[in-house]
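Enquirer: sequence plus the predicted model coming up.
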Amino acid sequence: MLDYLAAHEVAHLVEMNHSPRFWRVVGRICDHVERARRWLDTYGNDLHRYGVEDLTPSRARVDVHERSGSLSHR
């Protein structure tokens, strides 16, 4: 899955769209595009439950308070 995601983003350096030409570039970089796309179709919506906070070490997190414009470190 990560190889596919990287290939998808790298292909956007060549084609800034999702045209057939774009997908050919992705296919040249990643040999399991269809399997990865099927996985995303099945499980992709579940990825939305993970937020940035879940990926950041707790002592390095920074909360931005939009109303006051200040930063607070945890």
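Expert: Happy to help now that I have it.

Enquirer: only C-alpha atoms for contact and neighbour calcs from this point on.
Expert: Will do.

Enquirer: and the helices in this structure?
Expert: With DSSP state H as the criterion, the chain has helices at 2-11, 20-29, 33-43, 52-55.

Enquirer: make JSON lines from those helices and add mean neighbour count to it.
Expert: Converted to JSON lines, the helices of the chain look like this (neighbours: other C-alpha atoms under 10 Å):
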{"stretch": "helix 2-11", "mean neighbour count": "16"}
{"stretch": "helix 20-29", "mean neighbour count": "16"}
{"stretch": "helix 33-43", "mean neighbour count": "13"}
{"stretch": "helix 52-55", "mean neighbour count": "10"}
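
Enquirer: any idea which of those helices scores lowest on pLDDT?
Expert: If you rank the helices of the chain by mean pLDDT, helix 52-55 sits at the bottom with a mean of 58.

Enquirer: need the contact list for residue 36.
Expert: Shown in contact with residue 36 (C-alpha atoms under 8 Å, 6 or more residues apart in numbering): 1, 4.

Enquirer: distance check, it against residue 29.
Expert: According to C-alpha to C-alpha, to the nearest Å, residue 36 and residue 29 sit 13 Å apart.

Enquirer: so what would you say the end-to-end distance of stretch 17-37 is?
Expert: 17 Å.

Enquirer: no, scratch that, I was asking about stretch 20-36
Expert: 17 Å.

Enquirer: which residues touch stretch 14-29?
Expert: For stretch 14-29, using C-alpha under 8 Å, 6+ apart, the contacting residues are 4, 7, 8, 11, 12, 33.

Enquirer: if I read this right, the second one contacts residue 30, doesn't it?
Expert: Just to be clear, that refers to residue 7. Yes: the pair residue 7 / residue 30 is scored as a contact, 6.1 Å apart, by C-alpha atoms under 8 Å.
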